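Colleague: just coords:
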């Protein structure tokens with residue numbers, strides 16, 4: 001059987017996305033691994049590939065599966081409509097984050113099945129039944145429409161991450177040189193854990209794991225890591241450092257085996273503060289970069305989102321990482337209520353911390369989060385193309401044009417230009433810097449004029 005799995009591109013209105021970074025489609029590689037031994041499976045990455053119609057007609061798949069975050073919902077529906085018009089007999093299956101959180105959004109006549117939760121074994125069962133000409137009733141983690149009703153089963157039990165096969169990276173071989181995050185290229189991704197013990201109200205990741213923190217055994221992680229060819233590896237966990245003892249053991253195994261990679265992972269500021277020795281151990285085996293969600297500079301704002309960490313944790317974490325010469329991917333949140341003094345305070349804070357890199361996202365009520373339930377009646381738009389963490393979905397205190405002017409200036413000034421330029425010279429080949437500047441200016445221009453999109 002021929003199976004086509006698709007990673008969608010962002011909508012034209014959406015800001016950021018693949019204009020800033022492109023991580024490998026790990027979810028599709030996992031799903032593919034469950035069926036690729038017995039079927040002809042292809043992955044097409046539409047962030048890098050454009051002519052889907054030509055590929056579709058050449059391959060003539062029996063089944064098409066597409067993954068979707070919230071920001072992709074409209075794009076994915078349009079893709080499925082095209083696919084069904086090309087060949088109405090194709091079985092169409094949607095999965096991913098948004099399908100899990102809000103399957104109702106995919107009640108659509110061009111979508112046959114909705115996969116909720118981990119899709120590896122669910123999709124494998126779908127394919128087996130389709131091949132035998134059987135129906136799909138009762139498959140764990142499947143939703144389907146019957147009339148105007150959405151019939152759902154319970155999500156499959158996925159306590160044991162080590163029961164999953166390794167992701168099938170062979171199917172993205174043609175794209176792998178183009179997966180990157182800033183200077184880390186080519187960049188592989190892998191998962192060592194899932195879920196988070198914290199309960200931030202703007203995040204749905206802890207809900208996807210039913211409030212649990214699931215972990216792979218260090219030995220299995222090392223086995224998979226040994227098969228990865230790329231020099232850079234991103235741990236696509238919700239938070240990699242929560243279980244410090246597990247991560248210490250993993251670091252020891254990586255060192256004993258002699259794996260030489262440069263690592264990029266997520267770490268909470270309070271976790272870093274509690275485990276400076278863990279960060280030091282990881283630095284010794286190749287830790288280059290840590291994504292830290294500092295979110296806000298004030299405890300009152302951190303408490304508002306139920307972050308569970310403090311402003312003091314943030315400052316201490318910065319000191320620990322800087323002393324270890326680990327690059328900080330600092331992530332901050334902008335509340336729609338911010339005024340000019342709030343923007344200035346955040347700019348001054350970034351300079352005070354002597355950061356080399358900072359990103360800023362508007363506080364976004366993603367469907368499935370507690371925050372969404374709190375504010376859904378106040379949203380400026382329900383068009384998912386705007387759910388990109390750049391477009392505000394809630395009314396701003398400042399006029400929109402001023403809000404985005406301040407937002408633009410924050411990106412321009414939070415990190416001094418000379419520091420950005422020197423870091424670019426250090427990290428990027430000289431020939432790539434003109435293109436880097438061009439891409440950066442294009443995204444900043446979109447951000448500055450985002451108010452016009454409303």
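Modeller: Cool, got the structure. What you see is a predicted model, and the numbers here were worked out from it, not measured in a lab. Numbering: from 1, shown residues only.

Colleague: can you list the domain ranges for the chain.
Modeller: Structural domains annotated on the chain: 2-152, 163-453, as defined by automatic domain parsing.

Colleague: just how off-centre is the first one within its chain?
Modeller: Relative to its chain's centre, domain 2-152 lies at 17 Å (C-alpha atoms, centre = their mean, to the nearest Å).

Colleague: any idea how far the nearest residue to residue 244 once chain neighbours are set aside is from residue 250?
Modeller: Closest residue in space to residue 244, ignoring its immediate chain neighbours: residue 275 at 4.7 Å, by C-beta to C-beta, 6 or more residues apart in numbering. Every C-beta, even on glycine, is put in place using the N, C-alpha and C of the backbone. Remark: distance between residue 275 and residue 250 (C-beta to C-beta, to the nearest Å) = 13 Å.

Colleague: Have a look at those two and say which one is more surrounded.
Modeller: residue 250 (25 against 20; other C-beta atoms under 10 Å).

Colleague: Can you lay out the domains of the chain as a markdown table showing mean pLDDT?
Modeller: Below are the domains of the chain laid out as a markdown table (pLDDT from 0 to 100):
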| stretch | mean pLDDT |
| --- | --- |
| domain 2-152 | 96 |
| domain 163-453 | 96 |
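
Colleague: what about residue 156, neighbour count?
Modeller: With other C-beta under 10 Å as criterion, residue 156 counts 18.

Colleague: now swap in residue 176 and tell me
Modeller: The local packing of residue 176 (other C-beta under 10 Å) involves 15 other residues.

Colleague: swap in residue 181?
Modeller: Using other C-beta under 10 Å, residue 181 is surrounded by 18 other residues.

Colleague: likewise the one 5 residues further on?
Modeller: For residue 186, the neighbour count with other C-beta under 10 Å is 15.

Colleague: from memory the residue nearest to residue 244 sits against residue 243, does it?
Modeller: No: contact criterion C-beta atoms under 8 Å: residue 275 and residue 243 do not qualify, at 10.3 Å.

Colleague: Next up, the contacts around residue 310.
Modeller: Residues in contact with residue 310 (C-beta atoms under 8 Å, 6 or more residues apart in numbering) are 270, 299, 302.

Colleague: Look up how far residue 289 lies from the residue nearest to residue 244.
Modeller: Counting by C-beta to C-beta - residue 275 and residue 289 are separated by 17 Å.

Colleague: likewise residue 255?
Modeller: Counting by C-beta to C-beta, the gap from residue 255 to residue 289 is 19 Å.

Colleague: can you check residue 71 too?
Modeller: From residue 71 across to residue 289, the span is 24 Å (C-beta to C-beta).

Colleague: contact partners of stretch 98-115?
Modeller: Outside of stretch 98-115, the residues within contact range by C-beta under 8 Å, 6+ apart are 65, 68-70, 72-73, 76-77, 80-81, 83-84, 91-95, 116-117, 122-123, 126, 136, 141-145, 148, 150, 152, 155, 204, 207-208, 366-368, 384.

Colleague: now, which of these lie within strands?
Modeller: Residues of the contacts of stretch 98-115 located in strands (DSSP state E): 65, 91-95, 142-145, 150, 152.

Colleague: Let's have those residues in TSV, adding neighbour count and distance to residue 421.
Modeller: Shown next, in TSV, are the ones in strands among the contacts of stretch 98-115 (neighbours: other C-beta atoms under 10 Å; distance: C-beta to C-beta, whole Å):
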residue	neighbour count	distance to residue 421
65	27	43
91	17	51
92	21	47
93	28	46
94	31	43
95	28	42
142	26	52
143	22	50
144	19	54
145	18	54
150	14	52
152	14	52
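
Colleague: neighbours around residue 109, how many?
Modeller: Neighbours around residue 109, by other C-beta under 10 Å: 9.

Colleague: Quick check on it: phi, psi?
Modeller: Dihedral pair for residue 109: phi -70, psi -10, per degrees, to the nearest 10.

Colleague: now residue 291
Modeller: The phi and psi values for residue 291, taken as degrees, to the nearest 10, are phi -80, psi 120.

Colleague: Contacts only, for the closest residue to it other than its chain neighbours.
Modeller: Spatially, and ignoring its direct neighbours in sequence, residue 291 is nearest to residue 329 (4.3 Å; C-beta to C-beta, 6+ apart). Shown in contact with residue 329 (C-beta under 8 Å, 6+ apart): 264, 289-292, 357, 359.

Colleague: Where neighbours are concerned, which of those residues has the most?
Modeller: Neighbour counts for those peak at residue 290, which has 27 neighbours (criterion: other C-beta under 10 Å).

Colleague: Who is the residue nearest to residue 184 when sequence neighbours are not counted paired with across the strands?
Modeller: Once flanking residues are discounted, residue 184 sits nearest to residue 232: 4.1 Å by C-beta to C-beta, 6+ apart. Beta-bridge pairing for residue 232 (DSSP bridges): residue 187, residue 262.

Colleague: What's the local residue count around residue 232?
Modeller: Residues within reach of residue 232, counting by other C-beta under 10 Å, total 22.

Colleague: my guess is it contacts residue 190, does it?
Modeller: No: in this structure, residue 232 is not within contact of residue 190 by C-beta under 8 Å, at 11.4 Å.

Colleague: sorry, back to before: look up phi and psi at the residue nearest to residue 291.
Modeller: According to degrees, to the nearest 10, the main-chain angles of residue 329 amount to phi -90, psi 90.

Colleague: what do you get for residue 360?
Modeller: Torsion angles at residue 360 (phi, psi; degrees, to the nearest 10) stand at phi -130, psi 120.

Colleague: And the one 3 residues further on, by the same measure?
Modeller: The main-chain torsion angles of residue 363 are listed as degrees, to the nearest 10 and equal phi -60, psi 120.

Colleague: contacting residues for it?
Modeller: 202, 305, 333-336, 371, 394.

Colleague: out of the residues you listed, which are buried?
Modeller: The neighbour-count test (16 or more other C-beta atoms under 10 Å) marks 202, 305, 333-336, 371 as buried among these.
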